[in-house]
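> Give the three-dimensional model of this entry:
(chains A and B)
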Amino acid sequence: MTTMSRRTFVGSAGMAAAALAGGWPDPARADKPLSFSGWVFKPDTVKDYVTFYNQKHGGQVTYEAIPWAQYHPTMETRAFAGETVDVMYCNHNNRERWYENGLIRSVDDLPGTDELKKKMTPANLDSLKSKDGTKLLGLPYFTSLFILIYNEPMLQQAGIKAPARTWDELVEHCTKLKRDKVSDTPYLPNWNSSPSGTMPQVMTDCFSEGASVFDARNQLIVDQEPGAARAMERAARVFKAELVNPEVLTKTSSTDTHRLFWTGRYAYHTNHSYYLKTIAGEPENSKLAPKKAKMAMYPGTGQTYMWTDSYVVNAKSKVMEDAWKFTRFLGGNLNGDWYVQRQWCLISGLDNPYPEMYNHPEIIQSYDRWIDLKLLREQYKKGKVIAAYKEPWYGEYDTKAVPIVHNMIRGTVSVPKGLKDMVALQKSLA
Amino acid sequence: MAIEPSRTTVPEGIPGSLLPSRPRFAAVRFGEAPFAWLLVLPAVLGVGLVAFFPLLYSLWLSFTDVNLLRMTGPAIELFGLRLPLYRFVGVQNYARVFADPLYWESLGRTVYFVGAFVVEATLVGLGMALVLHERFPGRPIMRSLLLVPWSLSRIVVGLLWIGLLDFEFGALNGVLWNAGLIEQHISFFKHGWGALNVLVSVYMWNQAPFATLLFLAAMQSIAEDLYSAAEVDGAGYWQRFWYVTLPAVRPILFLVLVLCTVNGFLMLDLIYILTMGGPGHETTTVSWLGYQTSFTFFKFGPGTAILYTLTFLCLLLTFIYHRLILARFDPEA
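As a prediction, the model looks like this:
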């Protein structure tokens, strides 16, 4: 029998009392509270990992979720009123603007950045840099790109053996499905009016036709690109042939658009990769789960538009050390287990620019329930980024070009004129 | 304000020194008008702070080059809040707005929207009030149910109507399809003209109950004697309506027209939920354009300039309504 010394007994009793009173002793608490804001996307998940961080790393992070549509103006208004939110979400369109106006700081000089840079794919790293390419403006929240999704049972029902590999095949399949009354509107492109809809979809379709959208000086060149004209002519053609749900143009978000595919009434859908998780992975919502909807390589060149949204650090934060530590927890690998990045992969299928994560058995197993991970990684190799969103005019161009594109699709403006109008719009804003 | 000596009458026979001395402030006397001003001063200050100051500040913004993130330069300091004054650019923002063809297209659409909405909401509101003014079984329940559309948030109203009119899931398409009345689903938002009229009707559905409520209140205050006298004179239903009801509700008609006009000009949330200004620009109104310019493009100078043109239009129409409806109205008649 082992004996216990009085010192050991007193020490053990003290630990036991502390554990009973309030759990295990906390790590050293941060001196000052740290504020963190993001747009509304699964706020309960965010709250969970903020709580995890506060408990495990002794943080005092307070989290606030703001509706997506008002998020960026709200953060600017709060900065304008003198409030400092230490760590924030920032979408790619606003990052440069926030940096140039001194709202956020670059993170190159902060500890651990170089290591994270080495782990990121070069295209995503470029996306996160300042316009001049010299500064890293944040760490990744997630990255995504457009993929082609198809309804396997519907194609089988129509005797179509394999998903379309070319645009001509896709149009042919949709025409047949409509003619055979298998589907009224077989094709569901993401032409909704929001910034995540029409314009990224158009860029994707241009890329898949081998067209460039912007030149090296970030000037719009769609009027000189035959591939862009082909993409828009096809869009107008499928709309005229009523192969597309006409109300997709007035849907207000990509989320609303992808939900239409849950019905199982469409054959093909193009949207952000993570939406396939709800389509093929949530039987409680979607008629195409489990895995009746699948991903195929994007038609044509296979290239699709890819972007990276981020966590950024306020330049005026008074708790910079804590803010950076928390940002690394969110967008990096503070724990050594990619905690937050892994959570987003597992819970929502939100991807990240760290390829090493996709070798992890837990991630492979989770993705296997809703997507062909190997094919998705192949698609990422064809992901194409642009730098034009770093220009100050981009946000306004991106919104004002939507009606021009919709007019081309609806046939109220011819494609050559529409493409010229887009270029004129961009030049008027630059 | 005047400080006057006390005028308290000292009863005869009692030496003034034996009376209890009054505190000096009790002798402070106000004239009636200054006293009234003193009483309303807190309210005036409150309204000034929350209404007039923001109005004036936003008017100022419409003449400046605003960048929300610019922290330097002259500013107003108010209760610890710093309100930058930005660079004055004169009427440049207004000139830019008026030079934009989209503004004029949107204004035309707005005028149509407001006109159609005011007519629909006023007529439907008046019609429902006439029905609910009559006695019939279930009238109290009907009067309560009437308020439901008006009490719903407009986001909810938008979602509700998406549920009814959606091309894919809409209940209306479902009913028509199941009844064999249509061969394919109807798209209510495919064409701009149709989408704009859907917006008018949905907004009318939401707002007409309030007009009904106002008309009903006015109708209930009409003396029954007037109707009896009219009946004795041989007036039928429509004559009683024309010669008794309508003149009596004229002040309320003015109020309804003003409220509907202002609300119509400012309507934004249904566009946000139902169409986002599309397809194309075909449901873009001036309020949506102002919202987009301010909060999507962060151009608060031109954005406030766009929205101030609406303010001016609202004031102009209120003046016209006043001249047309109330100028010759004699409440004693």
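> which stretches of the stretch 251-400 of chain A form helices?
Ranges of helices in the stretch 251-400 of chain A, per DSSP state H, counting those that start in this stretch, are A:254-261, A:275-281, A:320-331, A:339-348, A:361-367, A:373-381, A:394-410.
> whoops, I mixed them up, the stretch 151-300 of chain B
Using DSSP H, counting those that start in this stretch, the helices of the stretch 151-300 of chain B run over B:154-165, B:171-178, B:192-220, B:224-232, B:237-240, B:246-248, B:250-266, B:269-274, B:286-291, B:300-321.
> For the shortest one, which helices and strands make contact with it?
So that's helix B:246-248. Helices and strands touching helix B:246-248, by 3 or more Cβ pairs under 8 Å, 6 or more residues apart in numbering or on different chains; DSSP states H and E: there are none. No exception for glycine: its C-beta is placed from N, CA and C like everyone else's.
> again, but for the fifth one
Other elements packing on helix B:237-240 under the criterion 3+ Cβ pairs under 8 Å, 6+ apart are helix B:224-232.
> The second one too?
Contacts of helix B:171-178 with other secondary structure elements, assessed using 3+ Cβ pairs under 8 Å, 6+ apart, are made with helix B:154-165.
> Could you give the separation of the helix it packs on from the chain centroid?
Taking Cα atoms, centre = their mean, to the nearest Å, one finds the center of helix B:154-165 at 21 Å from the center of the full chain.
> May I see the buried residues of that helix?
B:R154, B:V157, B:G158, B:L160, B:W161, B:I162, B:L165 (16 or more other Cβ atoms under 10 Å in any protein chain shown).
> my guess is the fifth one meets B:M204, correct?
Read that as B:W161. No - when contacts are counted by Cβ atoms under 8 Å, B:W161 is not listed as touching B:M204 (11.5 Å).
> I'd like to know how far the residue nearest to A:T304 when sequence neighbours are not counted sits from B:G170.
Of all residues not flanking A:T304 in the chain, A:F146 sits nearest, at 4.1 Å (Cβ to Cβ, 6 or more residues apart in numbering or on different chains). To B:G170, A:F146 is 28 Å away according to Cβ to Cβ, to the nearest Å.
> Of those two, give the one with the bigger neighbour count.
Neighbours were counted for A:F146 and for B:G170 using other Cβ atoms under 10 Å in any protein chain shown; A:F146 has more, 27 against 21.
> That one looks like it's in a strand, true?
Yes - under DSSP: H, G, I helix; E, B strand; the rest coil, A:F146 falls within a strand.
> Around chain B, pick out the residues from the stretch 201-350 of chain A.
Residues of the stretch 201-350 of chain A found near chain B (Cβ under 8 Å from any Cβ of the partner chain) are A:N245, A:P246, A:E247, A:L249, A:T250, A:T252, A:L260, A:T263, A:R265.
> The third one touches B:I162, doesn't it?
Right, the one you point to is A:E247. No - applying Cβ under 8 Å, one finds A:E247 not in contact with B:I162, separated by 9.5 Å.
> so A:N54 touches A:D48, yeah?
No - using Cβ under 8 Å, A:N54 is not in contact with A:D48, being 10.9 Å away.
> Between the two, point out the one with more neighbours.
Higher neighbour count among A:N54 and A:D48: A:N54, with 19 against 13, using other Cβ under 10 Å.
> quick one: contacts for that one?
Contact analysis of A:N54 by Cβ atoms under 8 Å, 6 or more residues apart in numbering or on different chains lists A:Q60, A:V61.
> what's the distance between it and A:M88?
A:N54 sits at a distance of 18 Å from A:M88 (criterion: Cβ to Cβ).
> How about B:V119?
47 Å.
> Which one's more surrounded, these two?
Using other Cβ under 10 Å, the more surrounded residue of B:V119 and A:M88 is A:M88, with 28 against 14.
> Show me the beta-bridge partners of the more buried one.
Beta-bridge partners for A:M88, by DSSP bridges, are A:S37, A:V312.
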